[in-house]
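S.K.: return a 3D structure for these sequence lines:
(one chain, ligands or ions: 2)
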Amino acid sequence: MKHIFPFQSKISNAQRKAQLQQEPQLVWFTGLSGSGKSTLALRLEHYLFHRGHKVFLLDGDNLRNGLNRDLSFSPQDRKENIRRVAEVAKLMLDAGLVVVSAFISPYAEERELVRQIVGENRFIEVFVNCPLAECEKRDTKGLYAKARKGLIPEFTGISAPYEAPLLPDLEVRTSEESIDESLLQLIQFVEPRVLAKEKVGATFGL
Ligand SMILES: Nc1ncnc2c1ncn2[C@@H]1O[C@H](COP(=O)(O)OS(=O)(=O)O)[C@@H](OP(=O)(O)O)[C@H]1O
Ligand SMILES: Nc1ncnc2c1ncn2[C@@H]1O[C@H](COP(=O)(O)OP(=O)(O)O)[C@@H](O)[C@H]1O
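M.R.: Ligands and ions are numbered 1, 2, ... in the order given. Alright, predicted model coming up:
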């Protein structure tokens with residue numbers, strides 16, 4: 001037993017939601033490298049921000065530059081990567097924010113763990129579905145070419161697995177839709193879910 005004693009803030013999640021006038025949700029994008037996660041996450045964050053929502057984007061490449069810079073792409077480290085991201089997202093949700101995230105998150109089990117950590121009713125799983133051949137053709141960062149030459153070990157889709165979600169909350173097919181078409185589906189699904197449920201909520205008395 002560790003000698004730690006978590007305590008509860010005097011401010012409830014309901015009070016924070018009432019102050020920020022929104023429902024905190026985690027919009028979790030999962031998909032192959034090059035499928036369109038970052039493009040759509042950036043566009044969704046931009047849209048929600050300009051609609052007045054308090055929103056923040058967490059992205060794989062960015063977090064792996066700081067908080068998760070010690071982690072590789074082994075299965076164990078990918079799981080630890082996602083576990084840490086889920087804990088960060090949970091804090092942001094508790095603070096009342098809408099969180100948009102873009103991580104390959106290739107294992108169904110780790111995505112399930114995210115759902116458990118943040119809570120079922122605050123988790124929206126979006127499958128950014130794009131065939132490997134199309135991602136490889138796009139090769140936006142030149143990583144597939146390197147992976148094919150054996151220069152990048154454990155590359156998702158080439159030498160490491162990607163387990164597609166069986167029942168995502170939303171699926172966008174980015175090889176068949178324009179960016180605007182995918183974005184429209186996202187907005188139509190996400191925006192109603194982040195709107196405040198009660199207009200005037202908890203009291204702010206001391
Ligand atoms: N081996 C290997 N496999 C997959 N991706 C690799 C690898 N090495 C580096 N990269 C770059 O890292 C980005 C993915 O990081 P994530 O944190 O999202 O990955 S994971 O969820 O832990 O699987 C990924 O970003 P995206 O292309 O945006 O998906 C790549 O830029
Ligand atoms: N419907 C779509 N949604 C998102 N990206 C698309 C779509 N159609 C084409 N693309 C292109 O696919 C590429 C996706 O790259 P990126 O967003 O970096 O992927 P990821 O973050 O999954 O690695 C971009 O060049 C983007 O312009």
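S.K.: neighbours of the residue in the chain that ligand 1 sits nearest to, how many?
M.R.: Here the chain gets closest to ligand 1 at one residue, G60, 2.5 Å apart by C-beta to the nearest ligand atom. Where you see a C-beta, it was placed from the backbone N, CA and C, and this is true even at glycine. The tally of other residues near G60 (other C-beta atoms under 10 Å) stands at 21.
S.K.: now Q116
M.R.: Using other C-beta under 10 Å, Q116 has 10 other residues around it.
S.K.: could you point out which element follows the helix or strand hosting it?
M.R.: According to DSSP states H and E, Q116 maps onto helix 108-118. Next along the chain after helix 108-118, taking DSSP H and E as the criterion, comes strand 123-129.
S.K.: wondering if that following strand reaches ligand 1 at all.
M.R.: No. Contact of strand 123-129 with ligand 1 (C-beta under 6 Å from any ligand atom) is absent, the minimum separation being 9.5 Å.
S.K.: starting from that strand, tell me which strands it pairs with and how they run.
M.R.: strand 26-30 (parallel), strand 170-173 (parallel) (DSSP bridges).
S.K.: for the chain, which residue gets nearest to ligand 2?
M.R.: G36 (2.7 Å).
S.K.: list the beta-bridge partners for the residue lying closest to L58 once chain neighbours are set aside.
M.R.: Excluding the flanking residues, the one nearest L58 by C-beta to C-beta, 6 or more residues apart in numbering is S101, at 4.3 Å. Taking DSSP bridges, one obtains W28, L58 as the residues bridged to S101.
S.K.: so what's S72 up against?
M.R.: S72 makes contact with E154 under the criterion C-beta atoms under 8 Å, 6 or more residues apart in numbering.
S.K.: three-state assignment of it?
M.R.: Recorded secondary structure, S72: coil (DSSP: H, G, I helix; E, B strand; the rest coil).
S.K.: following the lowest-mean-pLDDT helix or strand in the chain, which helix or strand comes up?
M.R.: Sorting the helices and strands of the chain by mean pLDDT, DSSP states H and E puts helix 60-63 at the bottom, at a mean of 90. Remark: after helix 60-63, the chain's next helix or strand is helix 75-94, criterion DSSP H and E.
S.K.: convert the C-alpha atoms of that next one to PDB, please.
M.R.: C-alpha atoms of helix 75-94 as PDB (Å, rounded to 0.1, in the frame of the first residue of the first chain):
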ATOM      1  CA  PRO A  75       3.700  -2.500 -27.700                       C
ATOM      2  CA  GLN A  76       4.400  -1.900 -24.000                       C
ATOM      3  CA  ASP A  77       5.500   1.700 -24.600                       C
ATOM      4  CA  ARG A  78       2.500   2.500 -26.900                       C
ATOM      5  CA  LYS A  79       0.200   1.300 -24.100                       C
ATOM      6  CA  GLU A  80       2.000   3.500 -21.600                       C
ATOM      7  CA  ASN A  81       1.800   6.400 -24.100                       C
ATOM      8  CA  ILE A  82      -2.000   6.000 -24.300                       C
ATOM      9  CA  ARG A  83      -2.500   5.400 -20.600                       C
ATOM     10  CA  ARG A  84      -0.700   8.700 -19.800                       C
ATOM     11  CA  VAL A  85      -2.600  10.600 -22.500                       C
ATOM     12  CA  ALA A  86      -5.900   9.200 -21.000                       C
ATOM     13  CA  GLU A  87      -4.900  10.400 -17.500                       C
ATOM     14  CA  VAL A  88      -4.000  13.900 -18.900                       C
ATOM     15  CA  ALA A  89      -7.300  14.000 -20.800                       C
ATOM     16  CA  LYS A  90      -9.200  13.000 -17.700                       C
ATOM     17  CA  LEU A  91      -7.800  16.000 -15.800                       C
ATOM     18  CA  MET A  92      -8.700  18.200 -18.700                       C
ATOM     19  CA  LEU A  93     -12.300  16.800 -18.700                       C
ATOM     20  CA  ASP A  94     -12.500  17.300 -14.900                       C
END
